[in-house]
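Chemist: Test case, fold it:
(one chain, ligands or ions: 2)
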Amino acid sequence: MFTASEISQIENLLTADKKIVIISHYNPDGDAVGSSLGLKHFLKNKGLDATVIVPNDFPKFLKWMPGAKKIIIADYKRKAAGEAIYHADVIFILDFNAAHRSGNMVGPWLEKSRAVKILIDHHQQPEDFDFVYSDVTVPATCQMIYHFIQALGQENLVDQDIAECLYTGIMTDTGGFRFRSTSATTHRIVANLIEKGADPAMITSNTWDTNTVSRLHLLALILGRIEVVKDGKVAILFLKRDELKQYGFQKGDTEGFVNYGLSIMGTQVSAFFMEDLYEDFIKISFRSKDDVDVNQFSRQYFNGGGHINAAGGKYFMPIAETIEDFKEFIEVEQF
Ligand code: 5GP
Ligand code: MN
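Modeler: Ligands and ions are numbered 1, 2, ... in the order given. Predicted structure coming up:
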């Protein structure tokens, strides 16, 4: 958490005459959108207006969230996003740890901005900003926003909109309250959010019971050829661009696919390779169990990063070579 002195400095910064912008990461997920909107609603309840900007579009299954329609998607509204960042006095950086993670348009804007920058994030190895609240043991940035509200002594301002947004991010980033960093504190906060009006059944159904037939067909395709290597310890899944096109792929359709690899008994690592729809690179998602560190692995070999048990990266080779290289890299690893 921020120190008491930082909290009072931040309180002094947050006044109605300031232009406040909230930015989250490229390919925004439930925690990115939830923490950004949760903070925006909280600031609104403090009498402050904040603009939420994300670099690119986010999946349809997150658009039900209160305030989602007001988010500026920089890919579509370049001018509005650029101007808001340029004129910002205070920028909150949520759910990412380094400017480049907000993409090659927003990232440089963020770097150039002279606003006071406040980072709240749970990824490994954050860059330095004016105020940094980084904690890799917390499962979701949404939980950190709640802790931030507590540190300001303003839990009384948490209303149903905030509760729904923060609940969503905690639910998605913990894989439904299952992943390792899910703690008693997480559950206590979630209990508070439910008391404030978050409805678990509604949120689950809006966020997760949203399969399309094309998504299920894609899932069937990749599960049908899942490969397990290294004595059953590593699962490999992949999708090609042609297949994405054939099944009418839409953003978010492959969300969570990588987790199926980890559900196999005995696996330590799951890797999901997907050809980008437009550009010539492979997007990779890694998941791992226990102490197997895919953040480190992805940093070392795949230009990526993330968390110990959930990371992503990119590789600039055809998909077959990428998977061959991956198989070589894992030979020298401990898992
Ligand atoms: P996902 O596999 O869901 O795309 O990402 C898992 C985690 O790794 C997320 O927390 C995400 O922020 C991080 N991540 C995904 N892709 C990249 C990447 O290319 N670079 C870095 N540094 N982190 C990534
Ligand atoms: Mn997160």
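Chemist: ok, and what's touching stretch 182-200?
Modeler: With C-beta atoms under 8 Å, 6 or more residues apart in numbering as the test, stretch 182-200 has contacts from 139-140, 143, 146, 155, 158-160, 162-164, 166-167, 170-171, 174, 177. To be clear about C-beta, it is placed using only N, CA and C from the backbone, and glycine gets the same treatment.
Chemist: now with 10 Å?
Modeler: Applying C-beta atoms under 10 Å, 6 or more residues apart in numbering, the contact partners of stretch 182-200 are 38, 137-140, 142-143, 145-147, 150, 155, 158-168, 170-171, 173-177, 179, 203, 205-206.
Chemist: Please enumerate the helices of this structure.
Modeler: Along the chain, the stretches classed as helices by DSSP state H are 4-13, 30-45, 78-87, 103-112, 141-151, 160-173, 184-195, 200-208, 213-223, 241-246, 259-262, 294-301, 319-331.
Chemist: and the fifth one, anywhere near ligand 1?
Modeler: No - when contact is scored as C-beta under 6 Å from any ligand atom, no part of helix 141-151 falls within range of ligand 1; the minimum is 9.7 Å.
Chemist: Then the longest one?
Modeler: No - interface with ligand 1: helix 30-45 contributes nothing (C-beta under 6 Å from any ligand atom), its closest point being 8.1 Å away.
Chemist: any idea of the pLDDT on the residue in the chain that ligand 2 sits nearest to?
Modeler: In the chain, the residue that lies nearest ligand 2 is Asp31 (3.4 Å; C-beta to the ion). As predicted, Asp31 sits at a pLDDT of 98.
Chemist: again with Ser214
Modeler: pLDDT, Ser214: 86.
Chemist: Which positions in this protein make contact with ligand 2?
Modeler: Selection of the chain residues close to ligand 2 by C-beta under 5 Å from the ion yields 31, 95, 141, 173.
Chemist: Of all pairs in those residues, which one is the farthest apart?
Modeler: Distances among those were taken as C-beta to C-beta; the most separated pair is Asp95 and Asp173, at 8.6 Å.
Chemist: joint contacts of these two?
Modeler: 29-32, 34-35, 122, 140-142.
Chemist: Looks like the residue of the chain closest to ligand 2 contacts Cys142 (just checking).
Modeler: Yes - with contact defined as C-beta atoms under 10 Å, Asp31 reaches Cys142; the gap is 5.7 Å.
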